[in-house]
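Undergrad: just a sequence and a predicted model for now, questions to come.
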Amino acid sequence: MNALHYLKYFLFHAVGLCSAAALLAGGPWIAYGLAAVLTLYVVGDLVCGDDTSTPEFRHPGILTFQLWLALPLLCFIVFSALWGVSDGDFLGFGAALGQATGYDLIAARDATNLGQHTCAWVLTGLMIGTIGTITAHELTHRTWDPVSMLIGRWLLAFSFDTIFAVEHVYGHHRYVSTTEDPATAPRGRNVYAHVLISTVRGNLSAWHIEKQRLARKGYWLLGWRNAVLRGHGMSLLLVAAAYAIGQWPAALFFIACALWGKALLEIVNYMEHYGMVRNPATPVQPRHSWNTNKRISSWTMFNLTRHSHHHAQGEVPYQDLKPFPDAPMMVGGYLTTIIVAMLPPLWHKLMTPKVLAWDREYASAEERQLAATANARSGIPALMKYSNYPSPS
Amino acid sequence: MFAFLNRNRAANASINGASIRVEPGETLLQAALRSGIDFPHSCRVGGCASCKCRLLQGKVRELTETGYILSAEELDQGYILACQSVPRGDVSIEVDSAQQEARQVRGKVVAQERLTHDITRLTLQLETGLPYQAGQYAELSLDCLPNHARSFSFASPPRADAKVSFFIRKVPGGRLTTLVDSHSLVGQGASLKGPLGQFHLRPADAPLLLVAGGSGLAPLLAILQDALAGNVRRPVTLLFGARQEHDLYALEEIQALARQWPGPFHFVPVLSEADRHAAWEGARGLVSEQIPVLLQAGSHAYLCGPPGMIDSASALLQRHGVARENIHADRFTLQQAPHAATESAATQPASL
């Protein structure tokens, strides 16, 4: 039934609203909310299987509207989180909502302890990463649509990552799975190093791309037309807004959530292209990305999971992306794989055999040579055994 | 966002002199690849300039700011990015190294499915994408049987995951086809040279009469699946000739096509050697004998199969008023000894 295919993408919004409710309810509810979200993703992906459907959508405008809704939703979630760490009651919000619902938000907030505030940080950053960045990824690919671009960049501002709109389309898609790409993790690197290295190199790359563009058009480098500068300005505005809501506690809390949200994006970059190699002069092929077809991850992340098709045909809107069941597969759904990535010994234990299998089954002859070099540099003994090309059988 | 205000229309694009049709809203790159032109490209999102070409005539709507990748001089000279350009009316462009000749790509067998007692569907994962038009063919050679390339039609339209499939019928005495019939080849390396051939659907409104004999269903199935995706609504009559009932295959795919086809779709399997007492209620005899009964006025015909079937079918069609230029045929001839491997097996006249 086609209506269900539209409705399934509202699961995303439901998760967001529940998170906001948990943040507002305060106290132990924050922890329950975080646990519910983690359970939905991890257990949901374990038991609900794959979604490999490719329905036809005759009303793509509805889907675009669903994407645009992410901005007001994220504003509400982050506002709720910031209200939860402030001392005052910005605009009397807590009192008003308390009267309307009969639930004493202010008392609940006063009773929230440090552990619960930490859960709020984890939950808010998670929402910035999913509701914010993942939606923004889809929107900032639509370079021909100024409304989508604007909404997308504001979503990215919540994780100080507006540069993504430049670097991802004009950098990452060009150099994906090569050594030129900041977002592709070479074999052997752990995820924490990658978060730092990719953030720094990504910003440098976006600056470089934007600098070239401004020079080509004859604009000033340090003017308002510089999308990198404008974007960071947008993020600063958000920090200022956080300060207005709850002074330093809120501003610092926002910065902490934003950085955690940004780290999540880099963890996802890490997972999607870890260990892949390619000659930059050859076109991107489906084998150059790690995928998953897990149902819950696919629905709540707008088919970001169908990553191979996305790179093979970057212009295709998310609803038309196809699952490639024979493409390289991640160890699990997105949140599961994030957790595994954050435990490097477990990550390497699971991924090293997968990477070696990739060399055998997917890599072209030229790529096997690149892989041998990558293996030699990886620092992982099981990979370094295969440092010579042709590899020992 | 306001794209609905901008009614996209189909257009013609001339690429290095070759004219192709661009569907409404399609980019130049999408149209070129769909027409089987090996247009240079890589990232497809406007970041790498691999698809850079010069707009000689006409106007395009650009989907991204080309200042990201093209210099002021290039913009002055009329350079555009094919993957980010949607024609506004007819256009003419010039690009370096857009190949229309056949090239060689590597691949690996990833699936092998028996369809009948002597026909196997072989699926290959290619290392690089090979643009082709539905209806064309390629020369396939397996690493385990070098210097033994044989021609087979693509059995599906081009796929985003760069997989291709062929229907391979075991020919008595044929080394490649016997190998495919008898041994599991999954994991084997292979090479393809293509795309080749002029057999593809010509745009028109006329009803379609498609006649397939044996493994000749392959290019017709590809053409139909491609046409369905392209919203073709022409009435279709598909005649599928085989010897006995167990020689019919791909029936589910044909039924799926029939279900989804937006216009009339008439599928007629015809058996030439069905046992008189067999429970076969369909048509019997030679497939071409069904043509006079089913032929609609003004039809265009596409025939694929053994030369005998093609010759008798096309003679019949011409006797019944179908113009020669509207009869397109793909004759499946048998290739001779290995030393003749450089000649392609299926000679492909565009029309008879």
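TA: Looks like it came in fine. Just so you know, these numbers come straight off a predicted model, no measurement behind them. Numbering: from 1, shown residues only, chains lettered A, B, ... in the order given.
Undergrad: can you tell me what sits against stretch A:13-28?
TA: For stretch A:13-28, the external contacting residues (CB atoms under 8 Å, 6 or more residues apart in numbering or on different chains) are A:29-30, A:32-34, A:36-37, A:40, A:66, A:69-70, A:73-74, A:76-77, A:80-81, A:83-84, A:97, A:103, A:105, A:108-109, A:111-112, A:116, A:120, A:123-124, A:126-127, A:130-131, A:300. From N, CA and C alone the C-beta is placed, and that goes for glycine too.
Undergrad: which of these are buried? Put it as a PyMOL command.
TA: Here is the PyMOL selection string for the buried members of those, based on 16 or more other CB atoms under 10 Å in any protein chain shown:
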select buried, chain A and resi 29+30+33+34+37+40+66+69+70+73+74+76+77+80+81+83+84+97+105+108+109+112+116+120+123+124+126+127+130+131+300
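Undergrad: check what pLDDT the residue most central in space within chain A gets.
TA: For chain A, the residue nearest the mean C-alpha position is A:Leu265 (3.7 Å; CA atoms, centre = their mean). pLDDT for A:Leu265: 96.
Undergrad: would you confirm that it contacts A:Phe160?
TA: No. Counting by CB atoms under 8 Å, A:Phe160 is not a contact partner of A:Leu265; they are 10.3 Å apart.
Undergrad: now do stretch A:63-83, average pLDDT.
TA: 96.
Undergrad: quick one, what contacts B:Pro235?
TA: The contact partners of B:Pro235, taken as CB under 8 Å, 6+ apart, are B:Pro207, B:Leu208, B:Gly263, B:Pro264, B:Phe265, B:His266, B:Gln296.
Undergrad: out of the contacts of stretch A:13-28, which are inside helices?
TA: The helices, defined by DSSP state H, take in A:29-30, A:32-34, A:36-37, A:40, A:66, A:70, A:73-74, A:76-77, A:80-81, A:83-84, A:97, A:105, A:108-109, A:116, A:120, A:123-124, A:126-127, A:300 from the contacts of stretch A:13-28.
Undergrad: near A:Phe324, how many other residues are there?
TA: A:Phe324: 24 surrounding residues under other CB atoms under 10 Å in any protein chain shown.
Undergrad: now it, what's its secondary structure?
TA: Under DSSP: H, G, I helix; E, B strand; the rest coil, A:Phe324 falls in the coil class.
Undergrad: and it, how far from A:Ile338?
TA: Going from A:Phe324 to A:Ile338 by CB to CB, to the nearest Å gives 22 Å.
Undergrad: and the ones in helices among the contacts of stretch A:13-28 near chain B, which?
TA: With CB under 8 Å from any CB of the partner chain as the criterion, the ones in helices among the contacts of stretch A:13-28 include none near chain B.
Undergrad: residue of the stretch 251-352 of chain B closest to chain A, please.
TA: Taking CB to the nearest CB, chain A has its nearest neighbour within the stretch 251-352 of chain B at B:Gln260, 9.9 Å off.
Undergrad: what's the most distant pair in the contacts of B:Pro235?
TA: B:Phe265 and B:Gln296 (12.6 Å; CB to CB).
Undergrad: with neighbour numbers in mind, choose between those two.
TA: Neighbour tally, B:Phe265 and B:Gln296, criterion other CB under 10 Å: the higher count belongs to B:Phe265, 20 against 13.
Undergrad: quick check: that one touching B:Gln255?
TA: No. Checked against CB under 8 Å, the pair B:Phe265 and B:Gln255 is beyond contact range at 9.8 Å.
Undergrad: rewinding a little: excluding chain neighbours, what is closest to the residue nearest to the centre of chain A?
TA: Among residues not flanking A:Leu265 along the chain, A:Thr133 sits closest, at 4.9 Å (CB to CB, 6 or more residues apart in numbering or on different chains).
Undergrad: and chain A, which residues reach chain B?
TA: A:64, A:141, A:143-148, A:169-171, A:173-174, A:209, A:212-213, A:216-218, A:282-286, A:308-309, A:312-316, A:322, A:324, A:326-327, A:364-365.
Undergrad: could you redo the last one with a cut-off of 6 Å?
TA: Those residues of chain A that sit near chain B, judged by CB under 6 Å from any CB of the partner chain, are A:143-145, A:147, A:169-170, A:173-174, A:213, A:216-217, A:283, A:286, A:309, A:312-315, A:324, A:364.
Undergrad: pLDDT weak spots in chain B?
TA: Applying pLDDT under 70 to chain B flags residues B:1-7, B:97-101, B:336-352.
Undergrad: nearest residue to the middle of it?
TA: When CA atoms, centre = their mean is applied to chain B, the residue found nearest the centroid is B:Ala134 (1.5 Å).
Undergrad: that one contacts B:Leu224, doesn't it?
TA: No. Using CB atoms under 6 Å, B:Ala134 and B:Leu224 do not qualify as a contacting pair, with a distance of 8.3 Å.
Undergrad: excluding chain neighbours, what is closest to the residue in the stretch 251-393 of chain A positioned nearest to chain B?
TA: Residue nearest to chain B within the stretch 251-393 of chain A (CB to the nearest CB): A:Gly314, separated by 3.9 Å. With CB to CB, 6+ apart as the criterion, A:Gly314 has its nearest non-adjacent residue at 3.9 Å, and that residue is B:Val45.
Undergrad: ok, now which ones touch residue 323?
TA: Looking at chain A here, since you left the chain open. Listed by CB atoms under 6 Å, 6 or more residues apart in numbering or on different chains, the contact set of A:Pro323 reads A:Thr52, A:Asn293, A:Arg306.
Undergrad: look at chain B instead
TA: No contacts exist for B:Ala323 under CB under 6 Å, 6+ apart.
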